[in-house]
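# the sequence and its predicted three-dimensional model are supplied below.
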Amino acid sequence: MYAISLGDDGAELRPLAPWHAEEFLAHLDRGREFITEHIPFGTNATDVDSARAVLQTWADKQAADNGGLHGLWLEGKLVGGVLFRVFDAEGGNCEVGCWLEPAATGRGLVTRAIRVLIDWAVDERGIHRVEWQASSANVPSLNVARRLGLSRDGVLREDFLYRGVRQDTEVWSVLASEWRAARARSARDDH
């Protein structure tokens, strides 16, 4: 399978499949409280069988072409991932997201990996609009949206009940034409 280098720091983007269940569970266990601070991702993975079931759900979404899960490995160790939470090729819309364990934060891994996902979605699949949603309290996630050059569309006030508290959700997006233009400017600036 593929392994896409995300730079010279040993970071790679790879498929995250059901056969990774043990490694996925170990990763979640290392960062469970941090990972689930703002999102419930992985909360149902409490043993190898349930971890495999979570990964199988995502494999099924990918097979149905309506989602997908990709792992982030740093020096050979699974430390997080990025995903297409929603993928609607026919409608031309998708939503990307991420999660990381604490040891992997602050390295730009998510920003680099999400760029790969957006490039693929726009260039290969003809996606018109890429969306990013995050709790207003999740400042690191909102900072990724900013670094990627997404526009803040608005706030869904108190739309998400999590851990007994109603959370505001910020919606950010980029259109394919905007993404291509920003990428072209960046390429010109680099030369």
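Yep, that arrived.

# going by C-alpha atoms from here, please, whenever you check contacts or count neighbours.
Will do.

# what segments of this structure are helices?
Using DSSP state H, the helices of the chain run over residues 21-35, 48-63, 109-123, 139-147, 176-190.

# relative to Gly81, which of these is closest?
Proximity to Gly81 (C-alpha to C-alpha) singles out helix 109-123 among the helices of the chain, at 7.6 Å.

# from Trp179, how far off is Ser186?
Distance of Ser186 to Trp179, given as C-alpha to C-alpha, to the nearest Å: 11 Å.

# if we can go back for a sec, ok, which of the helices of the chain comes nearest Leu156?
Of all the helices of the chain, helix 139-147 sits nearest to Leu156, with 14.3 Å by C-alpha to C-alpha.

# which strands or helices does the closest one pack on?
Counting contacts by 3 or more C-alpha pairs under 8 Å, 6 or more residues apart in numbering; DSSP states H and E, helix 139-147 packs against helix 109-123, strand 129-135.

# where does this structure have low pLDDT?
1, 191 (pLDDT under 70).

# ok, 90 please
Along the chain, segments meeting pLDDT under 90 span 1-2, 7-9, 42, 184-191.

# list the contacts for Gly92?
If you count contacts by C-alpha atoms under 8 Å, 6 or more residues apart in numbering, Gly92 has them with 126-129.

# would CSV of those with neighbour count be doable?
CSV is the format used below for the contacts of Gly92 (neighbours: other C-alpha atoms under 10 Å):
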residue, neighbour count
Gly126, 16
Ile127, 22
His128, 19
Arg129, 21
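
# return the closest of those with respect to Leu148.
For those, the nearest to Leu148 is Arg129 (13.8 Å; C-alpha to C-alpha).

# if I look at the closest one, how far off is Gly71?
Applying C-alpha to C-alpha, the value for Arg129 to Gly71 is 23 Å.

# so what's Val144 closest to, chain neighbours aside?
Thr111 (5.9 Å; C-alpha to C-alpha, 6 or more residues apart in numbering).

# and the closest residue in space to Leu78 that isn't next to it in sequence, what does it touch?
Closest residue in space to Leu78, ignoring its immediate chain neighbours: Leu72 at 5.8 Å, by C-alpha to C-alpha, 6+ apart. Taking C-alpha under 8 Å, 6+ apart, we find Leu72 in contact with 11-14, 78-82, 109, 113.

# so which of the residues you listed are in strands?
The strands, defined by DSSP state E, take in 11-14, 78-82 from these.
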